[in-house]
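S.K.: dropping the sequence and predicted coords here.
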Amino acid sequence: MIATLYDVHGSLPALEAVLSELPPEATIIVGGDVAVGPFPQETVDRLRGLGEEERIAFLFEDVVKDTVVCGHTHMQFDRTIAGKRVVNSGSVGMSYDEPRGAYWTLDLEPRYTPYALDVGEWPFEWPALSREDAITLFESNAVGA
């Protein structure tokens, strides 16, 4: 049984509602925009708690290559799942990693490049905020807050 959860957009209440309906044996596949929304860190933490590698190992069983490259989580990682190296570059322009900066890979090796964020005429505040301040802003703007 496979559950596909896409574009959670940091909506922890929506994620919790869906998770409450999933049978325990379900394999969860997550994609799209996961953390951009009112509860980014809490959403990522909740999903990480579900992502025991053995629950997703079957996704890599038929992969012939030794390395899988993925992205779109805005967080860099390099781990082994089902004997395959799984690399996530992170995010160049909107990382949730600390310290702030551009996270990427070169020949699949993690890289970090600091830069000064200049938002110019951007109409929103949050890209220039710290991780903690962004979480506070997202939570204050959440529906029902």
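M.R.: In hand now; what should we look at?
S.K.: tally of neighbours for residue 12?
M.R.: 21 (other C-beta atoms under 10 Å). Where you see a C-beta, it was placed from the backbone N, CA and C, and this is true even at glycine.
S.K.: brain fart, residue 84
M.R.: 18.
S.K.: separation between the residue nearest to it when sequence neighbours are not counted and residue 91?
M.R.: Excluding its sequence neighbours, the residue lying closest to residue 84 (C-beta to C-beta, 6 or more residues apart in numbering) is residue 60, at 4.7 Å. To residue 91, residue 60 is 23 Å away according to C-beta to C-beta, to the nearest Å.
S.K.: cool, residue 49 as well?
M.R.: Taking C-beta to C-beta, one finds residue 49 at 22 Å from residue 91.
S.K.: looking at these two, which is more packed in?
M.R.: With neighbours defined as other C-beta under 10 Å, residue 49 and residue 91 compare such that residue 91 has more, 20 against 8.
S.K.: contacting residues for that one?
M.R.: 71, 74, 75, 76, 97, 102, 103 (C-beta atoms under 8 Å, 6 or more residues apart in numbering).
S.K.: which one of those is nearest to residue 23?
M.R.: Using C-beta to C-beta, residue 75 is the member of the contacts of residue 91 that lies nearest residue 23, at 27.9 Å.
S.K.: quick one, what contacts the closest one?
M.R.: 35, 44, 88, 90, 91, 95, 96, 97, 103.
S.K.: again, only using 7 Å
M.R.: 44, 88, 90, 96, 97 (C-beta atoms under 7 Å, 6 or more residues apart in numbering).
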